[in-house]
Every structure is written in structure tokens, then in C-alpha cells.
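# No letters, just coordinates:
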């Protein structure tokens, strides 16, 4: 197979991102006791938190995937494979988010849940970087919208992601809430326009 | 990141709209007692109502999103972020609809449920307006299909949405059924061709 | 709003069709007793039947929607509204299919379930025809790929659909299995190449 | 209906592939006992295994579908029908994967579950080949990107798939774990760049 155009890769990836991000809501269950509905809805705060953080995160990964594929002009088999691994990681996130919400709600297993969640982010960051590194090796799959020096600069910025998520996960293994705060701060920080330069 | 073309933003948004609108049906559960199936199906009227109203609403937001992005020619980072917040709101709606159906079915908590549902609509309307206001500030992200005066006229029409939903929510906090009627009337009214001018 | 191009309407519709058709599988539940797994899997035949018939049906409606929109060159507000009603009907089908499977499995309520399923098909056929009739009135939304006489011929063929589904539903109200057979026969018949002329 | 362009077929297929692959995660359920969360998460290994293998498999079928439709320039009615059967098979896979995970977890019915899973792969391979054989008969639906000899070579490679899956299923009927290993090996093997030549 010669390297193929990336339009169907982007369409397929957009589909998986859109579905994974929308499935996040299925984890928020309607309270069974409607007699104290307001109370029951407030008790669901861990689910809202997991939903909100995860939604902003998947939206961010989608936006960065978007940026990355504006520079990638062709997809070969290994790139498709690495992209499939990234999509697998994104699809797994609703499960990690549901585990996190359950642990926060029950007040048990927060440490384990934060490590699972943070670990999922780290692995996703690694796959994301692997796609970029594969595409820019020898500049073979990149287009003319970026030069090798620019591609190297993007690499440095992308590599920071999994490193910071790993630090957040390590902190979360000690103090779960702190890890969560780091994840939320990173997501907000990465959404800011200045970081996208 | 320079402002990027909007085609992948539209594709991703279309995906989320399509999934959120289709997930609404998952809230309608098959009656367990098939011996009195006709009766059991009729008892599900609150679910049908929540499904129908929410489906027409999401379809309407999609159609207006469509109109809005015909005028937006480029997406910068803040616009992507605001769009992600709107999509988060749309994804949350199946949960609010399920809560509404449960409250109507049980005859408890209708007030809370209508306020949650209406509040979701108000917040969605605010995000929708925020996208438009950001895009038209200095006319920076708009194309030539609309001029500043036209963009201002669209603003006035868009701003009416959250105001009317807020009024419906306030009414619904007093008389739940009245709030619901206002939401349904607004959705039908906004679907009428004349309002789209 | 002037009449807009149909590409995003098609993308959104394709999304809803794709999701509704894929959600059909969620109704097939894994047998709880894995000690007699082969037996448990065979007992699920009503679910497989509802899945298979509904999948071919939604695929067929998608294919015909595809054909219809090859002739429609612009979408105005009423057309978007009618298309949203059709998509609502398609999204409702997984529920009707789940009710059908439950009734067949329990041996109760088959009559009610077949009427619900057939009624859903009839209503969908009516919406489908309404889209076409609106688009071809005065030939306003049609392109040059078809002339008024051709559009009238398509009308006659499309109108046959809800009439035949209604006949199947009436038969099914008397003898449920007969109604199901008629639905299956119609779907196979409509998939045959000759009927698409 | 004359043979139509394939862009909406690809968009619809991409949607179904994207949804089916993302629904795979719904089968992994959050452990109910969060007091021993780490333990509970480890016990879910059969679900992770079924998720991972099935995800790579659907991603592979998508990638090959992509390659196949780069050569198909038009879709007639029988091709749409065969493609719908393939999509039905892909949509069914999350169920087969859930059955496999349940059997591995309970330690019962692994033989049945592996045969169901492998049988699903074999049937999918048959549909995949049927699409290609129909498209290349008389070279009627193929474009100029491939000649009849090239199309015949692709056939030989595609035909190997269901044969190898059938062998894996036969092995799995004797020794379930061996069948699973064969499936995993085939998926990895087919993802390798060299096999795509």
C-alpha cells in the first residue's frame, strides 16, 4: 500500500473522538430516588467532575490531532496503526472516568482510580507523540506547511504533555485530589491560546 | 496556531450532535412486564415527551450551528474552546432529559427536573452566543457572506434564545408543566421558517 | 435564511443513521448463565431477528435517503425540519426493535410489539415522502439531475412504501408472525436492484 | 438507480466503524466494590483483552475497507447491500466480544464463545471478499488506479483472511486459548506494513 491521503483517517478519527466524548455522559446515572431529587443530583458531583474534565481533555486531544494532521500529508501503514492505538486509548477514557467517579463517590480507591486515569493520559500522550515522531522522521509524511526545524519545535511541545501527566499521576498516587487538580490545570493551560503557538 | 479552516470543526460538531441526539433513545427502557405490554408502553409517555422535545431541540441547535458556521470562515483557539463547551452542554442534555422523564413518571421532583432541564438550555444558549460574539468581534473570524450590521442583527436574534429559555425555567420553577410548555413552544416557534430570516 | 447547500445535512443525517444502526446491537444482552452458554445464545434468536431486520431496514432507508439527496440541491427550513422528524423516527427504531425482541422472547405482547414496530415504519415512510414532496413542489429544491416527470415517478415509487408497511402492520395486528414476514419480505424486495430503477 | 459515487458510502461506513469500535468500551463495567478497586480492576483482564483485540481488528477492517474503496469508483445497489451486510457484521462484534469476555471471566463456555467470535470474523471476511469480487467482476465498478491483474492479486490476498480465521476458529473449538492466540497473531500480522503490499 502506498502512503494514502489522510482525509478518511481524519474522518474516522473525528468519528471516534466525537463518540468517545459523547459516551462520557452515559456514566452519569439518573438518581433512583426522585423524592429527594435535588439532593440526589447534588450527590452526583463526582460524575459531573469526571465528565467535565474528561470532555475538555478529549476535546483538547481532538484539537491537537487536528493541528497535527494539518501538517501530515500522507498516511502509511505504521501511522494508521499508531493512530488506531491512540483512538483505542481515547475510547478507553470513558471507562477510566467512570472508575474515577465511582471511587470519588464511594470514598474508596481514589488512589487507584487517579493512577488509572492519569496512566491512561500518559499512555495516550505517548501514542500521540509516536504518531508525530513517525510522521516527521525524514520529513517523509509531512507536507510543506512546516519545515524540519518547525517539526522539531512541535515535538518538544508535544513531549511535554505525557511528562506533565506522569508528574500529575505520581502526585495523585500520593494525594489523589492533588493529582486531579494537576490534570485539570494542565487541561485548562493547554486550552489557552498562548500554549498553542 | 494560526486560525484554521472550519471544516473539521464542523465535522466534529456534527458528529457530537448526531450522537447526542441518537443517544436520547437509550433512556426509553423496554417495559419488563410484557404481559401487559400495551399498558406498559403507554406508561412511558414521559420518556416519549422528553425524547421528542429534546430531539427537536438538538436538531434545532444543530441547524442554527450550521447557519452560524456558514458565516464563520476561520477557527482560532478560543473559538474551538467555546465550541467544545457548547458540545459539552449538548452531550449533557440526554442526562437532563432522562432526569425529566424520571420525575414526570414518578410524580416527584418535577420542579427540580424542569429547572435542571431549563438551566441546561440557558447555559447552552449562553455558549452559543459566546461563539458568535467571539467570532464577530472586529469581524475577525467572519467571512464576506455577512457584514457587521448583519452580524449584529444575528446577535440580537441569538440573544433572545437564552433569555426566553430563562423565562421558561423561571415559570417552570413555579409551575413545572408550564415551563415544559414554554420550552416546547419555543422549539416549535424557532423551527418555523419566518424566525430564521 | 436562504436555502443552504445540503452537504452538512447529509453529513448529519449519515451520522444519525450510522449511530442508530450501530446502537441496535446494544439490545442483544450477554446471557448471564455462561455454564450453558450455547443454549443461552440460541435463546437469543428474537434479538438476532430484530437486529438483522432492523439493520437491513435502516441501511435501506439510508440508501434511499442517499438517492433522494442526490436530486435535492438545496435545503430550506421546512426541509430541515422534516428531515429532523425522519431522523427522530430512525432513532426511535432501536427501541421498537427491543420491544419486539422482548415480546418474542417472552411469548407475550407480540401483537402490540408488531403494531409498534410496523407503526414506526409507516410513520417513517410518511416523513420520507413528506421530504420528497416538499422538495419537488414547484421543483424548487431539486437540481437538474431529474425533471418534474422523473420526480413524479419517484414519488409514486416512494409512496408505495408506507402503504405496504401499513398493510403489513394490519396483517401483524391479526397474526403477528405474518406481519413480521411481510416486513422482512418488503426489506429484501426493496434492496433488490430492479426496484431501484 | 445508476451506479453512484462512493463518497457517502465511505462516510456512512466510517461512521459505523467508528461507532462500533467505540462501543466496545461499554462492555468493560466499573467494579461495584470500590473497597478493593485495584483487585477488581485486575480481575477485568478478560474484558481488556476482548477490547484490545477487537479494537485492533475493527481498526484493521476499517483500514482495509479504506484501501478497497480507493479502487472502487462507483457503488451500485448490490454493492451497497453487501456493504450493509459487512457493516452489520462489524456492529455485531461488540456483542461477540462481550460474550468472549464473560466466558473468560467465568471460566465457562470459552469454547462456545471463541467459536462465536471466530465465526463472526469468518463471516465478516466472506462479506468483505464478496464486496471486492462484485466490484471487480468485469472491472465494472473499479477505477483506473488498478488493473484486472492487480485486482486479481488483491483478491488472492483478501481471500486468505477468512480462511485463516476459519482455521483459528477450528483450533479454538478444540483449545479455546489457542484460537484466541491465532486471532491475535493474525491481527498483528495483517497490521504489519509488509502484508499490505
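Ah, there it is. Predicted, not measured: the structure shown is a model, and the values here were computed from it.
# low-confidence ranges in chain A?
A:1-4, A:193-197 (pLDDT under 70).
# longest single helix anywhere in it?
Ranked by residue count, the top helix of chain A under DSSP state H comes out as helix A:77-106.
# What helices and strands are in contact with the helix or strand hosting residue A:170?
Counting by DSSP states H and E, the element that carries residue A:170 is helix A:148-174. Applying 3 or more CB pairs under 8 Å, 6 or more residues apart in numbering or on different chains; DSSP states H and E, one finds that helix A:148-174 makes contact with helix A:45-71, helix A:110-136, helix A:176-191. The way it works is simple: take the backbone N, C-alpha and C, and place the C-beta from them, glycine included.
# Distance from the chain centre to the last one, please.
The one in question is helix A:176-191. 12 Å (CA atoms, centre = their mean, to the nearest Å).
# Please work out the angle formed by the directions of that helix and helix A:110-136.
30 degrees (axes from the mean of the first three to the mean of the last three CA atoms, to 10 degrees).
# From what I see, residue A:105 and residue A:42 are in contact.
No. Using CB atoms under 8 Å, residue A:105 makes no contact with residue A:42, being 11.9 Å away.
# Settle it for me: which of the two has more neighbours?
residue A:105 (15 against 11; other CB atoms under 10 Å in any protein chain shown).
# residues contacting the more buried one?
With contacts defined as CB atoms under 8 Å, 6 or more residues apart in numbering or on different chains, residue A:105 is in contact with A:43, A:44, A:46, A:47.
# ok, and the most crowded of these?
Most crowded among the contacts of residue A:105, counting by other CB under 10 Å, is residue A:47 at 22 neighbours.
# near chain D, which residues of chain A?
A:1, A:4, A:8, A:11-12, A:15-16, A:18-20, A:23, A:26, A:76-78, A:80-81, A:84, A:87-88, A:91-92, A:94-95, A:98-99, A:102-103, A:106, A:108-109, A:112-113, A:116 (CB under 8 Å from any CB of the partner chain).
# Can you select the buried ones among those for me in PyMOL?
Provided next is the PyMOL selection string for whichever of these are buried by 16 or more other CB atoms under 10 Å in any protein chain shown:
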select buried, chain A and resi 1+4+8+11+12+15+16+18+19+20+23+26+76+77+78+80+81+84+87+88+91+92+94+95+98+99+102+103+106+108+109+112+113+116
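# The residues of chain A next to chain D also near chain B: which ones?
A:11, A:15, A:18, A:19, A:23, A:26.
# if we look at chain C, which of the residues you listed are close to it?
residue A:19.
# related to what we said a few turns ago, mind putting the helices and strands packed on helix A:148-174 in TSV, distance to residue B:166 included?
Below are the helices and strands packed on helix A:148-174 laid out as TSV (distance: least, CB to CB, whole Å):
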stretch	distance to residue B:166
helix A:45-71	21
helix A:110-136	35
helix A:176-191	27
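# Buried residues of the helix holding residue A:170, list them for me.
A:151, A:154, A:158-159, A:161-162, A:164-166, A:168-169, A:171-173.
# before we move on, back to that, dump the helices and strands packed on helix A:148-174 to TSV, plus distance to chain C.
Shown next, in TSV, are those (distance: least, CB to the nearest CB, whole Å):
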stretch	distance to chain C
helix A:45-71	16
helix A:110-136	24
helix A:176-191	25
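# what about stretch A:58-74 and chain B, any contact?
Yes. Interface with chain B: stretch A:58-74 contributes A:59, A:60, A:62, A:63, A:66, A:67, A:70 (CB under 8 Å from any CB).
# Can you tell me which of these is closest to chain B?
residue A:59 (3.7 Å; CB to the nearest CB).
# Excluding sequence neighbours, find me the nearest residue to the closest one.
residue B:84 (3.7 Å; CB to CB, 6 or more residues apart in numbering or on different chains).
# quick one: the one you found from chain C, how far?
To chain C, residue B:84 is 18 Å away according to CB to the nearest CB, to the nearest Å.
# May I have the phi/psi pair for residue A:76?
phi -100, psi -180 (degrees, to the nearest 10).
# isn't it right next to residue A:138, touching?
No. Look at residue A:76 against residue A:138 with CB under 8 Å: they stay out of range, at 11.9 Å.
# Most distant residue from the centre of chain A?
In chain A, counting by CA atoms, centre = their mean, residue A:35 sits farthest out from the average C-alpha position, at 37.5 Å.
# relative orientation of the longest helix of chain A and helix A:45-71 in degrees?
170 degrees.
# okay, now the nearest residue to residue A:80 once chain neighbours are set aside: neighbour count?
Sequence neighbours aside, residue D:63 is the residue nearest to residue A:80 in space, at 5.2 Å (criterion: CB to CB, 6+ apart). By other CB under 10 Å, 25 other residues sit near residue D:63.
# Let me see the contact set for residue D:63.
A:77, A:80, A:84.
# can you do 10 Å?
Contact analysis of residue D:63 by CB atoms under 10 Å, 6 or more residues apart in numbering or on different chains lists A:1, A:4, A:8-9, A:12, A:75, A:77, A:80-81, A:83-84, D:17, D:190-191, D:196.
# Save the residues of stretch A:58-74 next to chain B as CSV, and put in distance to residue B:182 too.
Below are the residues of stretch A:58-74 next to chain B laid out as CSV (distance: CB to CB, whole Å):
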residue, distance to residue B:182
A:59, 31
A:60, 36
A:62, 35
A:63, 36
A:66, 38
A:67, 42
A:70, 44
